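Engineer: From the sequence below, what's the structure:
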Amino acid sequence: MTGPRQTSRLSANQMAITVMLVYGFTNGEMARQLGISPRTIEDYRRRVYAKFGVQNAVGLVRKIYAGEGG
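Structural biologist: Below you'll find the predicted structure:
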């Protein structure tokens, strides 16, 4: 999905959230899976978007599938 350079910049939780975003999980579903609050998910999402240089989940998925991970 993403190149090694980009994924090495993600924490374990950021990587898990990135994968769940690609699969269409909601914040609540991600929070339950990871045992953290939905608010924390929102913070992680913002960081992931910033690292990939995108504004939203659609941009993230497009970038990942286009092989532009970083």
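
Engineer: switch to C-alpha atoms for all contacts and neighbour counts from now on
Structural biologist: OK.

Engineer: Of all the helix elements in this structure, which one is longest?
Structural biologist: Counting residues, the longest helix in the chain under DSSP state H turns out to be helix 38-52.

Engineer: Dump that helix to CSV, keeping only the CA atoms.
Structural biologist: C-alpha atoms of helix 38-52 as CSV (Å, rounded to 0.1, in the frame of the first residue of the first chain):
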residue,chain,number,x,y,z
PRO,A,38,-13.0,8.5,19.7
ARG,A,39,-11.4,11.9,20.5
THR,A,40,-7.9,10.3,20.5
ILE,A,41,-8.8,8.7,17.2
GLU,A,42,-9.5,12.2,15.8
ASP,A,43,-6.1,13.4,17.0
TYR,A,44,-4.3,10.4,15.4
ARG,A,45,-6.2,10.9,12.1
ARG,A,46,-5.1,14.6,12.0
ARG,A,47,-1.5,13.5,12.4
VAL,A,48,-1.8,10.8,9.8
TYR,A,49,-3.3,13.3,7.3
ALA,A,50,-0.5,15.7,8.0
LYS,A,51,2.2,13.1,7.4
PHE,A,52,0.6,12.1,4.1
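
Engineer: what secondary structure does Gly59 sit in?
Structural biologist: Counting by DSSP: H, G, I helix; E, B strand; the rest coil, the backbone at Gly59 sits in helix.

Engineer: how about low-confidence regions in the protein?
Structural biologist: For the chain, the stretches flagged by pLDDT under 70 are 1-8, 68-70.

Engineer: Angles on the backbone of the closest residue to Leu34 other than its chain neighbours, please.
Structural biologist: Setting aside the residues directly before and after it, Leu34 is nearest to Asn13 in space (Cα to Cα, 6 or more residues apart in numbering), at 8.0 Å. With angles defined as degrees, to the nearest 10, Asn13 sits at phi -70, psi -40.

Engineer: And for Asn13, the neighbour number?
Structural biologist: Residues within reach of Asn13, counting by other Cα atoms under 10 Å, total 14.

Engineer: mind listing what the residue positioned nearest the centre of the chain touches?
Structural biologist: For the chain, the residue whose C-alpha lies nearest the mean C-alpha position (Cα atoms, centre = their mean) is Thr18; its distance is 2.4 Å. Going by Cα atoms under 8 Å, 6 or more residues apart in numbering, Thr18 touches Arg45, Val48.
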